[in-house]
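A.B. asks: Give me coordinates for this.
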Amino acid sequence: MNVEIVPVEAGHVDALFEVKNSIQVLKWIPGDFPLDRAAFDGRLARQVSAGLSKDQAGFTILVDGEIAGQIGHFHRDDEPCEVGYFIGERWWGRGVATQALRLCLQQMRALGISGRVY
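C.D. replies: Model prediction:
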């Protein structure tokens, strides 16, 4: 199983919506079921336009080339950097989130982010 993360792109939006718009996935993260599609599209559009920076970055998680979820970070001023993610149910319990977090932390170091992360 090959796990990779790539910067979120506009072409990922439909698949990411399908992965996240699950009552099981949304039990563990903020958001009401069903997701508001317009709000989701707006948030992803902001991530795509923002690109990668020390302040924030959004990545699509791919497993063997298939979209499995999303991971990203945001950082404000002197506060610790926060990482969040969601993974589709079919990938739970297979180490996908762990590997995606390792890759995200590598990207954060490459962007010059150091210090505490939660």
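
A.B. asks: Can you classify T98 by secondary structure?
C.D. replies: Look at T98: counting by DSSP: H, G, I helix; E, B strand; the rest coil, its state is helix.

A.B. asks: nearest residue to the spatially most central residue of the chain other than its sequence neighbours?
C.D. replies: A centroid search over the chain (CA atoms, centre = their mean) returns I71, at 2.0 Å, as the residue closest to the centre. Among residues not flanking I71 along the chain, Y85 sits closest, at 3.9 Å (CB to CB, 6 or more residues apart in numbering). Yep, even glycine has a C-beta here, placed from its N, CA and C like the rest.

A.B. asks: wait, what's in contact with the residue of the chain most remote from its centre?
C.D. replies: Most distant residue from the mean C-alpha position of the chain: D78, 22.3 Å away (CA atoms, centre = their mean). Residues counted as contacts of D78 (CB atoms under 8 Å, 6 or more residues apart in numbering): none.

A.B. asks: One more: the one 10 residues further on?
C.D. replies: Counting by CB under 8 Å, 6+ apart, G88 touches V19, S22, V25, A68, G69.

A.B. asks: Select only the buried ones of those residues in ChimeraX?
C.D. replies: Buried residues among the contacts of G88 (16 or more other CB atoms under 10 Å), as a ChimeraX selection:
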select :19,25,68,69
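
A.B. asks: Out of the contacts of G88, list just those in strands.
C.D. replies: Of these, the ones assigned to strands by DSSP state E are A68, G69.

A.B. asks: I'd like to know which of the contacts of G88 is nearest to S114.
C.D. replies: Closest approach to S114 among these (CB to CB): G69, at 25.5 Å.

A.B. asks: State the distance from the residue nearest to I71 to R46.
C.D. replies: Separation of Y85 from R46 (CB to CB, to the nearest Å): 18 Å.
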